[in-house]
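Engineer: what follows is a predicted structure for the sequence shown.
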Amino acid sequence: MRALLLASAVLLSACAPSAGPTPSAGGTPAVSASPAEQVVQVQLEAYNRRDLEGFLATYSPEIRIYLHPDRLLMSGLDQMRKEYGEAFSANPNGRAAITSRMVQGNYVIDHEHVTGQADGREIRAVAIYEVSDGKIRNVWFID
């Protein structure tokens, strides 16, 4: 149950709208975000708006969500719609900040800090997003 709550809270999370380009490792602004980073950012912003359909539109129909390394938590958009629809309703003030982000090819690795849960919990976790054909295909959470 804890794993499902973590996955729901973290996957539902989003960062505040970006103030500009993502800084590179050297601290200077990157020229532009990669396609993988762009889709993950759109997903996160949809979460902050509580836009379930916009959130789901960033995911592949074959989406698989795992607790790292291989414990399957969710699969498919129908299950996501049910789980996240309930979570959006139960946590209308849920928000997250990305405290750090790394991008390597089609992988985006975010350290997320989720706040605004109805029970007052704050969650910190790492999410690894794999993007394929412009959609998030796999997600692994490390708590």
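Structural biologist: Done, it's in. Remember, it's a predicted structure, so these values are computed and weren't measured experimentally. Numbers count the residues shown, from 1 in each chain.

Engineer: now do the buried residues in the helix or strand harbouring I128.
Structural biologist: Element membership for I128, per DSSP states H and E: strand 123-132. Neighbour counts over strand 123-132 (16 or more other Cβ atoms under 10 Å) mark I123, A125, V126, A127, I128, Y129, E130, V131 as buried. Where C-beta positions appear, they are placed from N, C-alpha and C, glycine not excepted.

Engineer: packing partners of that strand?
Structural biologist: helix 2-11, helix 35-49, strand 107-115, strand 135-142 (3 or more Cβ pairs under 8 Å, 6 or more residues apart in numbering; DSSP states H and E).

Engineer: if we use 10 Å, what do you get?
Structural biologist: helix 2-11, helix 35-49, strand 59-67, strand 95-104, strand 107-115, strand 135-142 (3 or more Cβ pairs under 10 Å, 6 or more residues apart in numbering; DSSP states H and E).

Engineer: next, format these as JSON lines and append mean pLDDT and mean neighbour count.
Structural biologist: Below are these laid out as JSON lines (pLDDT from 0 to 100; neighbours: other Cβ atoms under 10 Å):
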{"stretch": "helix 2-11", "mean pLDDT": "49", "mean neighbour count": "20"}
{"stretch": "helix 35-49", "mean pLDDT": "96", "mean neighbour count": "20"}
{"stretch": "strand 59-67", "mean pLDDT": "98", "mean neighbour count": "18"}
{"stretch": "strand 95-104", "mean pLDDT": "95", "mean neighbour count": "16"}
{"stretch": "strand 107-115", "mean pLDDT": "97", "mean neighbour count": "20"}
{"stretch": "strand 135-142", "mean pLDDT": "98", "mean neighbour count": "19"}
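
Engineer: redo these as a markdown table? Include distance to G76.
Structural biologist: Formatted as a markdown table, the helices and strands packed on strand 123-132 follow (distance: least, Cβ to Cβ, whole Å):
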| stretch | distance to G76 |
| --- | --- |
| helix 2-11 | 14 |
| helix 35-49 | 16 |
| strand 59-67 | 6 |
| strand 95-104 | 23 |
| strand 107-115 | 21 |
| strand 135-142 | 12 |
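
Engineer: which one, of these, ends up nearest to L77?
Structural biologist: strand 59-67 (5.6 Å; Cβ to Cβ).

Engineer: report the rounded mean pLDDT for the helix or strand that the closest one is followed by.
Structural biologist: Following strand 59-67 in sequence order, the next helix or strand is strand 71-75 (DSSP H and E). Averaging pLDDT along strand 71-75 yields 98.
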